[in-house]
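> after the sequence you'll find the predicted model.
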Amino acid sequence: MTDHAHHGYITDKDKYLARLKRIEGQARGIHRMVDEEQYCIDILTQISALKSALEGVALGLLDDHLGHCVIDAARNGGAEADEKLKEASAAIARLVRS
């Protein structure tokens, strides 16, 4: 797992970084809204948008992981395949719970 060139998202790395930068801006905006004591519903609306943006990144990364890392491991079979499937299942469970 130390060889970053093999991660499925690497071809979309710039896209993910740009999305995360926008998410950072959204979080700073929410912080500013609270600091300025803006209307609660407006803040909650922005929190909902931030949550949706993070979920979009998470689902994209999960899709990349399944389409690259898990498929490659499944082709190779053995313990690595079992481990990648367990990792993916655990990640999905965490996303569903959050």
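All right, it came through fine.
> ok, the residue nearest the centre of the chain - contacts?
The geometric centre of the chain, computed from its C-alpha atoms, lies nearest to residue 58 (Cα atoms, centre = their mean), at 2.1 Å. With contact set as Cβ atoms under 8 Å, 6 or more residues apart in numbering, residue 58 has these partners: residue 95. C-beta here means a position set from N, CA and C on the backbone, and glycine is covered the same way.
> let me know the average pLDDT across whatever helix or strand it lives in.
Taking DSSP states H and E as the definition, residue 58 sits inside helix 40-64. Averaging pLDDT along helix 40-64 gives 96.
> swap in stretch 18-25?
97.
> then that stretch to CSV, C-alphas only?
Only the C-alpha atoms of stretch 18-25 are listed here, as CSV (Å, rounded to 0.1, in the frame of the first residue of the first chain):
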residue,chain,number,x,y,z
ALA,A,18,-9.9,20.8,-6.5
ARG,A,19,-13.1,19.4,-4.9
LEU,A,20,-11.5,19.3,-1.5
LYS,A,21,-10.3,22.8,-1.8
ARG,A,22,-13.9,23.9,-2.5
ILE,A,23,-15.0,21.9,0.5
GLU,A,24,-12.4,23.7,2.6
GLY,A,25,-13.9,27.0,1.4
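> what's in contact with that stretch?
Identification of contacts with stretch 18-25 by Cβ under 8 Å, 6+ apart yields 50, 53-54, 56-57.
> for that stretch, the distance to its chain's centre please.
12 Å (Cα atoms, centre = their mean, to the nearest Å).
> in the helix holding residue 58, which residues are buried?
43, 46, 50, 53-54, 57, 61-62, 64 (16 or more other Cβ atoms under 10 Å).
> let me know the closest of those residues to residue 35.
Using Cβ to Cβ, residue 43 comes nearest to residue 35 of the buried residues of helix 40-64, at 10.7 Å.
> could you report the neighbour count for the closest residue to that closest one other than its chain neighbours?
Nearest non-adjacent residue to residue 43, counting by Cβ to Cβ, 6 or more residues apart in numbering: residue 33, 5.0 Å away. By other Cβ atoms under 10 Å, the residues close to residue 33 number 17.
> about what we covered before: out of the contacts of stretch 18-25, the closest to residue 39 would be?
Residue 39 lies nearest to residue 50 out of the contacts of stretch 18-25, by Cβ to Cβ, at 16.7 Å.
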